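J.: With the input below, show me the fold.
(one chain, ligands or ions: 1)
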Amino acid sequence: MTTTPAPRLVEITPHNFEAATGIKVRPEQEFAVSPVMQSLAEAYVHPAGVAWPRLIVDGDRPVGFLMAFFGIDWKEDGTLFRSGLWRLNIAAGEQGRGYGRFAVESVAAEIRRRGGKEMYVTWHTGPHSPENFYPKLGFRTDGETSEGEIVGVLDLS
Ligand SMILES: CC(C)(COP(=O)(O)OP(=O)(O)OC[C@H]1O[C@@H](n2cnc3c(N)ncnc32)[C@H](O)[C@@H]1OP(=O)(O)O)[C@@H](O)C(=O)NCCC(=O)NCCS
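T.: Numbers count the residues shown, from 1 in each chain. Okay, the predicted model is just below:
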């Protein structure tokens, strides 16, 4: 019997660290997302449990990287805590195969599992940006921006 390979998320370990940091988006997309190495460094310096980095693999193939955030102090004044998708890098040669959608759905499921009702993400606009990707997956915008990026939210209730 054969089984169809399905994407899955795996923790970043010493074993797959190089595969994770080797994930590269297309050169013209680099303005829209930080390199995986930077995301992992940011995960390291944030309080434990806030950053949730994962490698996206399909069978044995590393196809992308995501980093979710849980309960981040959005305004850095203790008044607003949000969860969502911090980084999403689908490898240049693996785009358009549903891995981005899988990543968003996986983070949505994890936030729901933890009792969250909303999933936040911010994105750049313009050519080669993901500005039409997130609305297609159901994210709403209401004019809020953060550090020059559009803030989108997906209702999970
Ligand atoms: C944006 C990105 C994550 C999309 O990942 P992907 O694996 O190519 O997307 P999927 O194959 O899962 O696409 C899901 C749907 O969104 C659509 N889509 C994908 N990228 C899109 C884009 N840039 N604009 C509009 N629609 C897009 C697909 O056509 C597909 O639609 P369908 O289900 O009707 O066929 C990927 O292109 C990427 O890593 N870009 C560079 C880094 C980046 O911008 N990251 C996001 C930072 S916030």
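
J.: all contacts plus neighbour counts: C-alpha atoms, from now on.
T.: OK.

J.: Let me know the distance separating Tyr134 from Gly93.
T.: 20 Å (Cα to Cα, to the nearest Å).

J.: okay, those two: which has more neighbours?
T.: Between Tyr134 and Gly93, counting by other Cα atoms under 10 Å, Tyr134 is the more crowded of the two (20 against 12).

J.: any residues touching the helix or strand that Ile111 is a member of, and which ones?
T.: Ile111 is part of helix 99-113 when elements are defined by DSSP states H and E. With Cα atoms under 8 Å, 6 or more residues apart in numbering as the test, helix 99-113 has contacts from 7, 56, 63-64, 66, 68, 70, 83-85, 88, 90, 117-119, 137, 156.

J.: Given the lengthiest strand in the chain, what are its sheet partners and their directions?
T.: Under DSSP state E, the strand in the chain containing the largest number of residues is strand 61-73. Strand 61-73 pairs in its sheet with strand 51-58 (antiparallel), strand 81-90 (antiparallel), by DSSP bridges.

J.: Minimum distance to Glu11: which of these has it?
T.: In terms of Cα to Cα, the element of the strands paired with strand 61-73 nearest to Glu11 is strand 51-58, at 5.0 Å.
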